[in-house]
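Colleague: how would this look folded up:
(chains A and B)
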Amino acid sequence: DVKVTQSSRYLVKRTGEKVFLECVQDMDHENMFWYRQDPGLGLRLIYFSYDVKMKEKGDIPEGYSVSREKKERFSLILESASTNQTSMYLCASSSSAETQETQYFGPGTRLLVL
Amino acid sequence: QKEVEQNSGPLSVPEGAIASLNCTYSDRGSQSFFWYRQYSGKSPELIMFIYSNGDKEDGRFTAQLNKASQYVSLLIRDSQPSDSATYLCAVLTGGYNKLIFGAGTRLAVHP
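Modeller: Numbers count the residues shown, from 1 in each chain, chains lettered A, B, ... in the order given. Now for the predicted structure:
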């Protein structure tokens, strides 16, 4: 079974803090994704990566950056947290070798920015 | 126009009935379509995917795809209270394996 883990289930941070969210997958997937999910808005793609050290902007990259130094790990960075970044953050991974390229999700990190 | 549209619900069905969840998409070039189930406070989990026109069955679940009408649906037979969740439709589109998600339909199965 694919396993995607995220470093924290719940985080509380203060405005202006730098926040790191970590995601690790154990299936040697090439592709990794960061989404945020807000009520009524569904999942929105922040950034994704299709290879080590590669990154692509998603639909809402503003205020975020990412790092992928190793294939299994994809980090999301909030450079200066703001209250409008309070959300559920979901990491996912997929393999380009699969015909359907199914994305598998981690358990999510619920971030509260005060 | 949203790229993937779903009725937000809630869709309320009695236990044992068929639940029908619908999704439309705007990109005619989309190739693969996914249904995820998400329980409250949890992350999405894949139910099934479909990429050919027609029906695909997996246990109590049937996905239906009509590319000409840009429409994909999920039928849940013999609905159970444990099926109560939000169902997300997702469409694989563009390059780099991007999934576009609908906002989800909340399903409530009552005894």
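Colleague: CA atoms for contacts and neighbours, from now on please.
Modeller: Will do.
Colleague: Spell out which parts of chain A neighbour chain B.
Modeller: Counting by CA under 8 Å from any CA of the partner chain, the residues of chain A lying close to chain B are A:31, A:40-44, A:50, A:90, A:96, A:100-102, A:104-108.
Colleague: run the last query once more with 7 Å
Modeller: A:40-43, A:50, A:100-101, A:105-108 (CA under 7 Å from any CA of the partner chain).
Colleague: which of those lies closest to residue A:79?
Modeller: Checking the residues of chain A next to chain B against residue A:79 by CA to CA gives residue A:108 as the nearest, at 19.5 Å.
Colleague: one step back: can you list the residues of chain A next to chain B in JSON lines and add neighbour count and pLDDT?
Modeller: Below are these laid out as JSON lines (neighbours: other CA atoms under 10 Å in any protein chain shown; pLDDT from 0 to 100):
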{"residue": "A:40", "neighbour count": "10", "pLDDT": "80"}
{"residue": "A:41", "neighbour count": "12", "pLDDT": "83"}
{"residue": "A:42", "neighbour count": "16", "pLDDT": "85"}
{"residue": "A:43", "neighbour count": "24", "pLDDT": "92"}
{"residue": "A:50", "neighbour count": "21", "pLDDT": "92"}
{"residue": "A:100", "neighbour count": "18", "pLDDT": "70"}
{"residue": "A:101", "neighbour count": "18", "pLDDT": "76"}
{"residue": "A:105", "neighbour count": "25", "pLDDT": "95"}
{"residue": "A:106", "neighbour count": "23", "pLDDT": "96"}
{"residue": "A:107", "neighbour count": "23", "pLDDT": "95"}
{"residue": "A:108", "neighbour count": "26", "pLDDT": "96"}
